[in-house]
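Undergrad: all I have is the shape, not the residue letters:
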């Protein structure tokens, strides 16, 4: 009987101890939440007018969830792309320089093919010369110079009757 | 019958009056030197030469596209022997030189191994002008 009473007293003491511990944890949690809220409120108060114009924190004291953070990041990236289209090229896309280089190569080949065709024919008409010059005009500077040299050489060789 | 002295006087007057409106003339037929890579000649002499191959001149072509403006200049010449040359350039200062040309100019130009113009010169002097221009024959 005495044993049972002793055990009951011990159990009661243990329960009381646990209860006090839980109360203490709750108080600490409340203190932490209060401090965080105070830290968020402080910059707004110290900034004066800037704090007034700042939009209200949509998330409040609870903070943003993971999905909300992902959404915010997506919106920011989209805004960056709109502001700077060149930055929109992902690592898997060709950078602008490569695209321009490929186009220039194709145009250069087209000019060369046209020139070869005119040389096979032995002459180039005024309208054809104008078209050829239009194509040459679209080339980068060094390739433009190269094609102009080739045209000049072709005319000097006697293989291309042309009027300038 | 007219006296010989009067006839002689009349002839002398006619000759002198023609000479009085001549001025100094120094025609420059077209010469194309492919070794020195130089061509010279004045336009009037080339135009009124007795052959049908001699010519000399320069020009500019400008093309505007969406990619920008492409301008190139050229000079070309052919002498009486039929030796011909064409050189081209995109050099801005040579293009300026071509733009300074005028009608009846004396032209001189040089080129490199790639047939690019390296030197272009014009001279507009009275002695390059023709005595008279009354026929295209």
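TA: Okay, I see it. Keep in mind that what you see is a predicted model, and the values were worked out from it rather than measured.
Undergrad: please name the residues that touch the nearest residue to residue B:114 once chain neighbours are set aside.
TA: In this structure, residue B:114 finds its nearest non-sequential neighbour in residue A:149, 5.1 Å apart by C-beta to C-beta, 6 or more residues apart in numbering or on different chains. All C-beta spots, glycine's among them, are computed from the backbone N, C-alpha and C. Taking C-beta atoms under 8 Å, 6 or more residues apart in numbering or on different chains, we find residue A:149 in contact with B:88, B:114-116.
Undergrad: mind putting these in JSON lines, neighbour count, secondary structure and pLDDT included?
TA: Putting the contacts of residue A:149 into JSON lines (neighbours: other C-beta atoms under 10 Å in any protein chain shown; DSSP: H, G, I helix; E, B strand; the rest coil; pLDDT from 0 to 100) gives the following:
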{"residue": "B:88", "neighbour count": "26", "secondary structure": "strand", "pLDDT": "97"}
{"residue": "B:114", "neighbour count": "15", "secondary structure": "coil", "pLDDT": "96"}
{"residue": "B:115", "neighbour count": "23", "secondary structure": "coil", "pLDDT": "96"}
{"residue": "B:116", "neighbour count": "17", "secondary structure": "strand", "pLDDT": "97"}
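Undergrad: which of those sit farthest apart?
TA: The distance between the two most remote of the contacts of residue A:149 (C-beta to C-beta) is 9.6 Å, for B:88 and B:114.
Undergrad: what does the pLDDT read for the residue in chain B positioned nearest to chain A?
TA: As assessed by C-beta to the nearest C-beta, chain A sits closest to residue B:70 within chain B, at 3.3 Å. pLDDT, residue B:70: 89.
Undergrad: let me see the ranges of the helices in chain A.
TA: When assigned using DSSP state H, the helices of chain A occupy the ranges A:2-46, A:49-53, A:66-83, A:96-121, A:126-137, A:141-156.
Undergrad: list the residues that contact the residue of chain B closest to chain A.
TA: Here residue B:70 is in contact with A:133, A:136-137, A:144, B:62-64 (criterion: C-beta under 8 Å, 6+ apart).
Undergrad: out of the residues you listed, which end up buried?
TA: A:133, A:136-137, A:144, B:63 (16 or more other C-beta atoms under 10 Å in any protein chain shown).
Undergrad: lowest average pLDDT across the helices of chain A?
TA: helix A:49-53 (a mean of 47).
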